[in-house]
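> Show me how the following folds:
(2 chains)
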Protein chains: 2
Amino acid sequence: MNIKNYVTQKAQEAKKASKRLALLSTEIKNKALNLMADALERQQAALIQANTKDLAEAKRQKLSSSMVDRLTLSPQRIHEMAAGLRAVAALTDPVGEIVKNWVRPNGMKIERMRVPIGVIGIIYESRPNVTADTASLCLKSGNAVILRGGSEAIHSNTAIADLLSRAAQSVGVPAGSITFIDLTDRRAVMELLKLDQYIDLIIPRGGEGLIKTVLQNSKIPVIKHDKGVCHTYVDESADLAMADAICFNAKVQRPATCNAMETLLVHEKIAAEFLPRMVPHFQEAGVEIRGCEKTRAILRRSGLVKRIKAAHAADWGAEYLDKVLAMKVVKNIDEAIAHIARYGSQHSDAIVTENRERARRFLREVDSCAVFVNASTRLNDGYQFGLGAEIGISTTKIHARGPMGLEELTSTKFVVHGSGQLRE
Amino acid sequence: MNIKNYVTQKAQEAKKASKRLALLSTEIKNKALNLMADALERQQAALIQANTKDLAEAKRQKLSSSMVDRLTLSPQRIHEMAAGLRAVAALTDPVGEIVKNWVRPNGMKIERMRVPIGVIGIIYESRPNVTADTASLCLKSGNAVILRGGSEAIHSNTAIADLLSRAAQSVGVPAGSITFIDLTDRRAVMELLKLDQYIDLIIPRGGEGLIKTVLQNSKIPVIKHDKGVCHTYVDESADLAMADAICFNAKVQRPATCNAMETLLVHEKIAAEFLPRMVPHFQEAGVEIRGCEKTRAILRRSGLVKRIKAAHAADWGAEYLDKVLAMKVVKNIDEAIAHIARYGSQHSDAIVTENRERARRFLREVDSCAVFVNASTRLNDGYQFGLGAEIGISTTKIHARGPMGLEELTSTKFVVHGSGQLRE
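Okay, the predicted model is just below:
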């Protein structure tokens, strides 16, 4: 069978499954999720065996050690995947929830009812746990999922998806609800992106190249999880001890994530006190600082800090995803907000301040999917926000911005209870 | 200047305007809307003069009388446009509303705040009132709008948009907030659809051809307002007088609209009573019936009805937008729901029944943007639902399904109030 026919048939199966899946009881979905978790743990040996093939290929291809690490399945990681599935089973089912209801003057009772979106295509790279995470969130929210993982994890992903799908079917989840495209040919993705009659939403999870390809070629609505050029602005009225801790956490706790701070903005009135205090902490942690002229002058004068590099134009707006930090002294909150508007990526931005009015301004005026006062940007996360789980952080401005949990994987429909109402 | 540069510059201006517009006070937006309404009425003569040019061209092009009618601006229609603007001024401003708020165990207070989407591109055909309607809804919801109307109304649309934009600017709405693309060249649309760095959302309003073109070519998220193949199912336990009134209203009140009924499904147990009662009403109103075999047999036996045509395969799923109705006798609610799933367009579907359990099943299982029990499908409308106004009826499954009012023209962001919280 050619690629187009194969992918189309898979999508048709998913569409068909989605109709029954949308009406499946919470009880059956939860039973399925728990069985899927059990199956992962029971089949640990088989999964690790499949993973070994991917790791061998990775070595042949000389993939970087960090990529190999992300690819590796260990008993611990398999256990974590299973625990994730059980956690999703424990979450509230969003399907059927009445979000809002009201009565019209003519007596019509109107409800907005949460319903599944239908069929969701996930196009992702590298880490095999994404297969289990996204399958579980889609299943719980009543959506059929079409998974298309990267070629580097093809054996692991195929094994996981097959096992999850069989476990789910054993309790009545319709076949096709968890559909895996086991073609590594890139044309499979291109064909998938054309099938807007069967697929309702595409979520790409991966690097910039993947996201660009999907956006350029999709006929299906896309919710992208794009890069984060995140800022922290330390205001003149900041509690400097708090600012120190927040900035350190935002940069150092896990620098390779999209919500890690990339640029630190400091009010000029406290820069001479704050910078000589803060920068040594960064340097001890191995963070390379690239400072504006004022930053460098202050640090030079302080004598406390080793010489730091000059920031160049390309540093503003850079997503380092590493232990590198751009640093700039600003005149006031206006300059900070303007800098973020110009160079940020509307992802996660924070102000540290004790001044309520400036906090309010920052929260209102900075147009990012999450804005923080006196907290680390690293907290922009579905679990941290209490959504229970997340399928990623959306940087698309429609449907759902920020961390997407189960609710964000649903839509609503209008349900009208009448007693003979007509249009006048 | 070439088309690409022209359109890009317009989009850049809109993007720039959107940043200030998002923060504009409700007071200024309302003042602008009222001034815009005044300006329309004051400049009535100039608008009608511009419209005359479009009408002359329409005659040259021999457009149909219904198209000419839709194109025509009269003092009455200008007054209605102005009234629409004033009604939008009177609606609650959605921007800044806290949709939900909660506290996390670590003390973070989280809010979801309603924010504008940014820049919305509206691509539409024919009726010049769409220019005023959509500009007002976008302005009130804090979004900059890029309007691109059809060539047949170019003079009317240019005059309206110019007047609205100047009136809005006179009270402080930033230039570029209401941007009109006065190029009739189709390539202007193609260029617009590429500008995902400036435009956040595209809403096409018009015929199937327009929507298809937009969906096929857009790099920007699209919310489509697609066709309606709407059904009414008269259940065995229906109140037949109510069913008669609802079916008549759904078909006859305005047959050319997307929420008008196109297929009537009747339970076999009441068909012999209901059809001979209902059909003469349709025939008196000039509705052509195309019936299934059972429908025709019942009507033949009744002797009350003139001979009716046979429905062919193409009638199931047809959107007539006219006084034509397909009619089918079904065994039960299962067959009705299956028929709607197979042939419907997930737009507006109704059941008439006194049985609560079957009503519940229908509302739950029929996957349309609006589902009705004991009411006319013609009520699927923003005004009728109490949204205050509507920019159209979305048939896209993400972001907003069904009538889109001001709230549906917004997104949300996460706002976090912390006291030094870090990621563990």
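
> how about A:D349, secondary structure?
strand (DSSP: H, G, I helix; E, B strand; the rest coil).

> pLDDT score assigned to it?
Note on A:D349: pLDDT of 98.

> do you know how far it is from chain B?
In this view, A:D349 and chain B are 11 Å apart by C-beta to the nearest C-beta, to the nearest Å. For the C-beta atoms, the positions are set from N, CA and C on the backbone; glycine is no exception.

> Quick one: mean pLDDT for stretch A:203-216?
So the average pLDDT for stretch A:203-216 ends up being 90.

> OK, contacts around A:R358?
A:235, A:237, A:333, A:351 (C-beta atoms under 8 Å, 6 or more residues apart in numbering or on different chains).

> Compute the number of surrounding residues for the last one.
Going back to what we said before, that points to A:I351. 30 (other C-beta atoms under 10 Å in any protein chain shown).

> which SSE is the closest residue to it other than its chain neighbours in?
Spatial nearest neighbour of A:I351, excluding adjacent residues (C-beta to C-beta, 6 or more residues apart in numbering or on different chains): A:F362 at 4.1 Å. Element membership for A:F362, per DSSP states H and E: helix A:356-365.

> In terms of secondary structure, what does the helix or strand following that helix contact?
Next helix or strand after helix A:356-365 toward the C-terminus (DSSP H and E): strand A:370-375. On a contact count with 3 or more C-beta pairs under 8 Å, 6 or more residues apart in numbering or on different chains; DSSP states H and E, strand A:370-375 meets helix A:240-252, strand A:348-352, helix A:356-365, strand B:410-421.

> Next, report how far strand A:370-375 is displaced from the centre of its chain.
The chain centre lies 18 Å from the centre of strand A:370-375; the measure is C-alpha atoms, centre = their mean, to the nearest Å.

> what's next to it, contact-wise?
By C-beta under 8 Å, 6+ apart, strand A:370-375 touches A:239, A:242, A:246, A:259, A:347-353, A:359, A:362-363, A:377, A:379-380, A:402-403, B:108, B:413-422.

> so where do the helices sit in the stretch 1-150 of chain A?
Ranges of helices within the stretch 1-150 of chain A are A:3-21, A:26-42, A:44-60, A:65-71, A:75-90, A:129-140, based on DSSP state H, counting those that start in this stretch.

> just those helices: most buried one?
For the helices of the stretch 1-150 of chain A, the largest average neighbour count (mean count of other C-beta atoms under 10 Å in any protein chain shown) is found in helix A:129-140, namely a mean of 25.

> Please save the CA atoms from stretch A:116-132 in PDB.
Output of stretch A:116-132 as PDB, limited to C-alpha atoms (Å, rounded to 0.1, in the frame of the first residue of the first chain):
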ATOM      1  CA  PRO A 116     -14.200  16.000  22.900                       C
ATOM      2  CA  ILE A 117     -12.500  17.700  19.900                       C
ATOM      3  CA  GLY A 118     -12.600  14.500  17.900                       C
ATOM      4  CA  VAL A 119      -9.300  13.300  16.400                       C
ATOM      5  CA  ILE A 120      -6.000  14.800  17.500                       C
ATOM      6  CA  GLY A 121      -2.800  14.300  15.600                       C
ATOM      7  CA  ILE A 122       0.400  14.400  17.700                       C
ATOM      8  CA  ILE A 123       3.700  14.800  15.800                       C
ATOM      9  CA  TYR A 124       6.600  14.500  18.100                       C
ATOM     10  CA  GLU A 125      10.300  13.700  18.400                       C
ATOM     11  CA  SER A 126      12.600  11.700  20.500                       C
ATOM     12  CA  ARG A 127      11.300  10.900  24.000                       C
ATOM     13  CA  PRO A 128       9.200   7.700  23.900                       C
ATOM     14  CA  ASN A 129       7.300   8.700  27.100                       C
ATOM     15  CA  VAL A 130       5.400  11.300  25.000                       C
ATOM     16  CA  THR A 131       3.600   8.300  23.400                       C
ATOM     17  CA  ALA A 132       2.100   7.200  26.700                       C
END
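
> so what's the residue lying closest to A:Y343 once chain neighbours are set aside up against?
Distances taken as C-beta to C-beta, 6+ apart place A:G317 nearest to A:Y343, at 4.0 Å, with adjacent residues excluded. Each residue near A:G317 by C-beta under 8 Å, 6+ apart is listed here: A:229, A:342-345.

> Among those, which one sits closest to A:I98?
Distances from A:I98 to the contacts of A:G317, taken as C-beta to C-beta, are shortest for A:S345 (35.9 Å).

> now that closest one: how far from chain B?
12 Å.

> how many neighbours does that residue have?
Neighbours around A:S345, by other C-beta under 10 Å: 20.

> which SS class is it?
Per three-state DSSP, the secondary structure class of A:S345 is coil.

> now swap in A:Q384 and tell me
helix.

> For the nearest residue to it once chain neighbours are set aside, the count of nearby residues, please.
The shortest distance from A:Q384 to any non-neighbouring residue, by C-beta to C-beta, 6+ apart, is to B:R423 (6.9 Å). Per other C-beta under 10 Å, the neighbour tally for B:R423 reads 19.

> What of A:K294?
18.

> now do A:L325
27.

> That one: helix or strand, and which one exactly?
With DSSP H and E as the test, A:L325 turns up in strand A:324-330.

> Could you check which residue of the stretch 151-300 of chain A lies nearest chain B?
Using C-beta to the nearest C-beta, the single residue of the stretch 151-300 of chain A nearest to chain B is A:N249, 4.0 Å away.

> measure that residue to A:D349 for me?
A:N249 sits at a distance of 15 Å from A:D349 (criterion: C-beta to C-beta, to the nearest Å).

> List the residues that contact A:T158.
For A:T158, the contact set (C-beta under 8 Å, 6+ apart) comprises A:50, A:180, A:182.

> Tell me which of the residues you listed has the lowest pLDDT.
A:D182 (93).

> Contact partners for it?
A:154, A:157-158.

> between those residues, which is nearest A:V88?
Of the contacts of A:D182, the one sitting nearest to A:V88 (C-beta to C-beta) turns out to be A:N157, at 18.6 Å.

> how distant is the helix or strand encompassing the closest one from the center of its chain?
Per DSSP H and E, A:N157 falls inside helix A:154-169. Centroid separation between helix A:154-169 and its chain, computed with C-alpha atoms, centre = their mean, is 22 Å.

> what angle separates that helix from helix A:129-140?
Here the directions of helix A:154-169 and helix A:129-140 differ by 20 degrees (axes from the mean of the first three to the mean of the last three C-alpha atoms, to 10 degrees).

> Grab the CA positions of helix A:154-169 and hand them over as CSV.
Coordinates of each C-alpha in helix A:154-169 appear next as CSV, following Å, rounded to 0.1, in the frame of the first residue of the first chain:
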residue,chain,number,x,y,z
ILE,A,154,10.4,4.1,16.1
HIS,A,155,10.9,0.7,17.8
SER,A,156,10.2,2.0,21.3
ASN,A,157,7.2,4.0,20.2
THR,A,158,5.7,1.2,18.1
ALA,A,159,6.0,-1.2,21.1
ILE,A,160,4.5,1.2,23.6
ALA,A,161,1.6,2.3,21.3
ASP,A,162,0.8,-1.3,20.4
LEU,A,163,0.7,-2.4,24.0
LEU,A,164,-1.4,0.6,25.1
SER,A,165,-3.9,0.1,22.2
ARG,A,166,-4.4,-3.5,23.0
ALA,A,167,-4.8,-2.9,26.7
ALA,A,168,-7.4,-0.2,26.0
GLN,A,169,-9.4,-2.4,23.5
